[in-house]
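[1] Quick one: sequence plus predicted model below, questions after.
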Amino acid sequence: MGILNYIIIFLLVIFPIAEIGKIRFGSITFSLNDILLFSVFLLWIVIDYKKIKKTKFKLLKPISIFILIGVFSLVVNFLNLKLNEFFVALLYLLRWVLYASFYFILVTRDKEFLNKIKHLLLIPISIVLSLGILQFIYYPSLRNLFYLGWDEHLYRLFSSFLDPNFAGTFLVISLFYLIYTSWQLFLKKKNNLFVFTSALTIINFVSIYLTYSRSALIMLLVSLIVFLLLVKKIKILFILILVFILLILFSPKAFQTEGTNIFRVFSSQERVKSAQIAVNIIEKSLIFGVGFNAYRYAQNKYANLNDTNWETTHSGAGTDNSFLFVLATTGILGFAAYLYLIYKMFLLGKEKLNNPMSIILISVLSGLLINSLFINSLFYVFILQWVWMFAAFTENN
């Protein structure tokens, strides 16, 4: 099968520990996931050089344009940044490039290998769900990690992501993948595996709610609407909405803490403040932005961050809205390029609507766009990895 394919498999299997397997050097963090993906990228360049030259990637143009504008935004802001700040921002851009390369890598894989991967994805999904349930029961708070910049997230499922909002976002993505997989197994009459994936789907659905993440629930609702429209099953939508309402009204922990109160206001107020800071930064550098990803330094400059750990705190690295984030860091030029990339991804799915994987891509991406208005999910690399993977599955089917 080849060493490159084996490392790709290992990369996917260890995905559940990606967030907790991080190493920090000042304001720079690396994960085991980053290191493995970088190894895959280097091997891919060496081993598949001739194949890469012959392959026509449908998303090559929009990805390349966004990368070039990202580099340009940094160069334009070089004098506004200290040398170490420029270097750190450049590393974040290179990380985005690295995860985008996963799409190119998978497109060049043969269909037999991609089919193996599709089944293999049940492993990391199962691990994330298992860790999430165990964490929810035995480790209901991150209070002891508050000093590292994490919120306590009391009585919420956050699994190995250490954040219920990003965990919820991933679980929505995995839910639709499980729906896709279950349907394929049903058609192939693989009854035992079908029962397993169906059970996993139910656990996944419940786990999304246990994150008490409103952004994840909204994403789920939007993705379901799009999915049911595409498969022409509108009547089912009303049943699912009723299930949502019942879950909210009769959840045993709902309304008991700020974190588990679906109608909580504190986090909403914080998101509004975050958006106001982002708008202020955008106004300062509308055309070219402050540099991708130099947002932390711009926020400290214009918002006067009071936190002594502003260089390492999670909230300092970005804003809660992905679109404001890309507009602030790359300006109007980068924002337009990013919208073009999203458009091309939808177009990729539309071109292959007879392929169930394209329906999953469109459904997940639709929900993710709404989700990204509340959390910076479009630039969270562990979410990006799966979006690029779905795009590659769609193109190479």
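    Yep, it's here. Numbers count the residues shown, from 1 in each chain.
[2] State the helix or strand in which the residue lying closest to residue 116 once chain neighbours are set aside lies.
    Leaving aside its chain neighbours, residue 116 sits nearest to residue 9 (7.8 Å; criterion: C-beta to C-beta, 6 or more residues apart in numbering). Placement of C-beta: from N, CA and C, glycine included. In the assignment (DSSP states H and E), residue 9 maps to helix 3-13.
[3] Can I get that helix as CSV, trimmed to CA atoms?
    Output for helix 3-13, consisting of C-alpha atoms alone and laid out as CSV, is shown next (Å, rounded to 0.1, in the frame of the first residue of the first chain):
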residue,chain,number,x,y,z
ILE,A,3,4.4,4.3,3.4
LEU,A,4,2.5,7.4,2.4
ASN,A,5,-0.9,5.7,2.7
TYR,A,6,0.0,4.1,6.0
ILE,A,7,0.9,7.5,7.5
ILE,A,8,-2.3,9.0,6.2
ILE,A,9,-4.2,6.2,7.9
PHE,A,10,-2.3,6.8,11.2
LEU,A,11,-3.0,10.6,10.8
LEU,A,12,-6.7,9.9,10.7
VAL,A,13,-6.7,7.4,13.5
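[4] per-residue confidence averaged over that helix?
    Helix 3-13 shows a mean pLDDT of 94.
[5] so what does that helix touch, helix or strand wise?
    Secondary structure elements in contact with helix 3-13, counted by 3 or more C-beta pairs under 8 Å, 6 or more residues apart in numbering; DSSP states H and E, are helix 32-47, helix 111-120, helix 122-138.
[6] quick one: buried residues of that helix?
    For helix 3-13, burial by neighbour count (16 or more other C-beta atoms under 10 Å) applies to 4-5, 7-9, 11-12.
[7] Among the residues you listed, which one lies nearest to residue 395?
    Ranking these by separation from residue 395, with C-beta to C-beta as the measure, puts residue 8 on top at 16.5 Å.
[8] ok, that closest one - contacts?
    For residue 8, the contacting residues are 40, 105-106, 109, 117, by C-beta atoms under 8 Å, 6 or more residues apart in numbering.
[9] Quick one: list the elements packing against the helix or strand containing residue 98.
    Assessed by DSSP H and E, residue 98 sits inside helix 83-107. Taking 3+ C-beta pairs under 8 Å, 6+ apart as the contact definition, the neighbouring helices and strands of helix 83-107 are helix 32-47, helix 60-76, helix 381-395.
[10] Give me the buried positions along it.
    Judged by neighbour count (16+ other C-beta under 10 Å), helix 83-107 contains these buried residues: 85-86, 88-90, 92-93, 95-107.
[11] Just give the number of residues close to the nearest residue to residue 222 once chain neighbours are set aside.
    Of all residues not flanking residue 222 in the chain, residue 367 sits nearest, at 4.3 Å (C-beta to C-beta, 6+ apart). The local packing count at residue 367 equals 27, with neighbours defined by other C-beta atoms under 10 Å.
[12] Equivalent analysis for residue 379, please.
    Based on other C-beta under 10 Å, the number of other residues close to residue 379 is 23.
[13] Residue 40 and residue 7 touch, don't they?
    Yes. Applying C-beta atoms under 8 Å as the test, residue 40 and residue 7 come out as touching, 5.3 Å apart.
[14] Give me the distance between residue 288 and residue 371.
    As judged by C-beta to C-beta, to the nearest Å, residue 288 and residue 371 stand 27 Å apart.
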